Every structure is written in C-alpha cells, then in structure tokens.
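**Q** Dropping the sequence and predicted coords here.
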Amino acid sequence: MLGDAFCGFNPIYGQGMSVAAMSAVALANHVQRSKGDLDGVAGSTLSEIGRITDAIWLLATSADLEWPGTVGGTIGNRPADRFGHWYIGQMLEGMEFDKKIRLEFLAVNQLVKPGKALFAPGLFLRVLKQALLKKLRRKQ
C-alpha cells in the first residue's frame, strides 16, 4: 500500500507524490534487505511509511482543519495535539520575523528535511522566543 492508498494529502500542498516516492524507496530498501525472505517486510515497511508521513500529515491537517467546514477530522484535544497545533501556529507567525524559522519550516514543508526537524532544540527555542516577542509587541 503506497501513495494515496496509504495516506491522501491535500494536493494544494504538493506533498503527495513526494511522500509516495519516499514510501516506494522505503519499500525497495526493505525488500532488498530481506534477501528474498519477505516475511515481515510488509509490517516493517508500513511502520516506516507511518514514520515518514507523521509530521507531514500534522502540517497538512493542521492547516486544513483551520478552515470551517473541513470534513474528515478534528483537531485532537489531547495535550500533545493542542501543543502541536499551538506550536505550528507560533512557528507560522514567527516565520515573519525570523529567517531561520522560515527556512527550516520550508525545508520540512518541501520534504527536504524530516518533520522532526521542526522540533530541534535550537529551532524550538527560536519559536518560543518569537512567541514571547509577539506578546511584548502586543503590549506596546
């Protein structure tokens, strides 16, 4: 199961084909490493494809769920869901003032870097700094 059969992205973001290609590479690698013994290849490949799509899916669905009337899901109410939504929102706002945030976000959004790069300690601190500066700007 690859591409839209596994995870269908909103085509406006231009990520679906890239994720499908990354998934195909993962499958090829698992088949090659199996040396002909295909037992377990499907499970391990699907797990890797899940890891590939996780952060990309968070970005895509966070943006989509901002639109009233979006069908197919809701923003989760678990603490991790609320934090992820808040953090991505702060990152998007911080991009206006911090070039490093902007470049890192675009690298992940364009699938040049993995989604976990959005939570790298240095970037995380920059996002928090911009969130605090935003509060200070509002008070002025």
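**A** Nice, thanks for sending it over. Since we're looking at a predicted model, the values are computed, not measured. Numbering: from 1, shown residues only.

**Q** Confidence-wise, which helix or strand of this structure is lowest on average?
**A** helix 41-64 (a mean of 83; mean pLDDT, DSSP states H and E).

**Q** what's it packed up against?
**A** helix 16-34, helix 79-94, helix 99-109 (3 or more C-beta pairs under 8 Å, 6 or more residues apart in numbering; DSSP states H and E). Where you see a C-beta, it was placed from the backbone N, CA and C, and this is true even at glycine.

**Q** closest to Ala120 out of those helices?
**A** Of all the helices and strands packed on helix 41-64, it is helix 99-109 that lies closest to Ala120, at 7.6 Å by C-beta to C-beta.

**Q** Give me the buried positions along the following helix or strand past that closest one.
**A** Toward the C-terminus, helix 99-109 is succeeded by helix 121-139 as the next helix or strand (DSSP states H and E). By neighbour count on 16 or more other C-beta atoms under 10 Å, the buried set for helix 121-139 is 123, 126-127, 130-131.
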